[in-house]
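Asker: Please work out how this folds:
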Amino acid sequence: MSRRLPIAPRPYDDELLSSWQGRVACRYGMSREALGLWIGVPAALAAPRGFAPADYAPDPEVVAAWARACRLDPPRVESLALQRWRALDRYVWAYEAGGAFKGCAVCPACLQEDAAGGRDHYIRRFWVQVEALWCARHDLPLVEDCERCGAQGFRFLVLDGAARLACRRCGRPVRRAAPAWSEPSPRAKAVFGALGATEPDDDAMATARLLWAIPRPGMAPRPLVSWLVDHPQSVRGMARDRNAPLSTAALGWHAATWIGVEQLLDRAGAREVFGPPRFTLDQLKAWTRPAPPSRPRELIKLRPAAAYRSMAGRILARAECAAAGAGRNRLIGQLMREALDCA
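Answerer: The predicted structure is shown next:
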């Protein structure tokens, strides 16, 4: 049974579909999944199933149900789907778990502007693009951890009549704060700014995958990115999928990967800021190739025993063997080798 909602905020043009759904749901004190079930979305489609079905290519039945419930034209809701803009692996695969959005970094200054302007907080499309590490508008790094308790992930809450992104654990609203990592130099900021200005090309994506490859047996079994750059001290947040590292790594590893890519490809002045790469692309590629197979040992082709007896008899019958004296055995060995080589 489909239902209509009495009030529903409108989506912003650059908003994620799941963000808009989360804002609508929080006004009714419900999760996105629970509200989806209430408005008539089938249970199999209402449950969180990851980034692709939530934001990249949502099911038409989901789009139709939410559009009907919120009194919107279906094309308006369809326009929020990300597949119209770029390939799936060019996005960070943020996902919802337990009513919280995880794997998505945000700009606290942008959210503060939302609040100051009387708007709901909302998650921007740019923030889930794989090249997004920095907010060019505010010249600040994106953040994914709570400044108070360090938990990753945010949920929508209604505070003072508006939807606010808050820590999933302690409930503290996202506010502008000093980044957890040290303030980058102006030149480093320029590298991050250049990185975020354009969609990454195929060479950059292939290099990122190479950095997360595991070297061949006999070498340390850890991703090559940990050999190349100064990386986070913990394995927390390592890429969930090594074939899509920029989509599935947490922000610290994500940044480390991009620094390595830019160093290896000598782009955006990364080598001048972060130094030359510790290894070359050719070295990294060689370490991930299978070891060359060892050459099979050639089998010795033996002759019939009668042939060896005949050869020995002819050598012993030679006059020089009888006259060799103390050097007879050495001479016989030499004559045998010559006979075998010539045979």
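
Asker: got a pLDDT number for the residue nearest to residue 250 when sequence neighbours are not counted?
Answerer: Nearest residue to residue 250, sequence neighbours excluded (C-beta to C-beta, 6 or more residues apart in numbering): residue 237, at 2.6 Å. Heads up, the C-betas are built off the backbone N, CA and C, glycines and all. Residue 237 carries a pLDDT value of 85.

Asker: pretty sure residue 237 contacts residue 251?
Answerer: Yes: taking contacts as C-beta atoms under 8 Å, residue 237 lies within contact range of residue 251: 7.3 Å.

Asker: When the two are compared, which one has more neighbours?
Answerer: residue 251 (22 against 17; other C-beta atoms under 10 Å).

Asker: In contact with that one, which residues are there?
Answerer: 105, 133, 142, 143, 144, 237 (C-beta atoms under 8 Å, 6 or more residues apart in numbering).

Asker: what do you get if the cut-off is 10 Å, keeping everything else the same?
Answerer: 92, 103-105, 133, 141-145, 152, 180-181, 232, 237 (C-beta atoms under 10 Å, 6 or more residues apart in numbering).

Asker: so where's this structure uncertain?
Answerer: The model of the chain has pLDDT under 70 over residues 1, 176-183, 229-234, 291-301, 322-328, 331, 334-336, 338-343.

Asker: centroid residue for it?
Answerer: residue 245 (0.9 Å; C-alpha atoms, centre = their mean).

Asker: And it, how far from residue 212?
Answerer: Residue 245 sits 4 Å away from residue 212, going by C-beta to C-beta, to the nearest Å.

Asker: Which residues are in contact with each of the two?
Answerer: Going by C-beta under 10 Å, 6+ apart, residues that sit against residue 245 and also against residue 212 are 223, 225, 238, 239, 253, 257.

Asker: just checking, residue 196 touches residue 132?
Answerer: Yes: if you go by C-beta atoms under 10 Å, residue 196 and residue 132 touch, sitting 5.6 Å apart.

Asker: Those two: who's more crowded?
Answerer: Ranked by neighbour count (other C-beta under 10 Å), residue 196 and residue 132 place residue 132 first, with 22 against 19.

Asker: hey, where'd the strands end up in the stretch 101-250 of the chain?
Answerer: 134-135, 140-141, 154-159, 162-167 (DSSP state E, counting those that start in this stretch).
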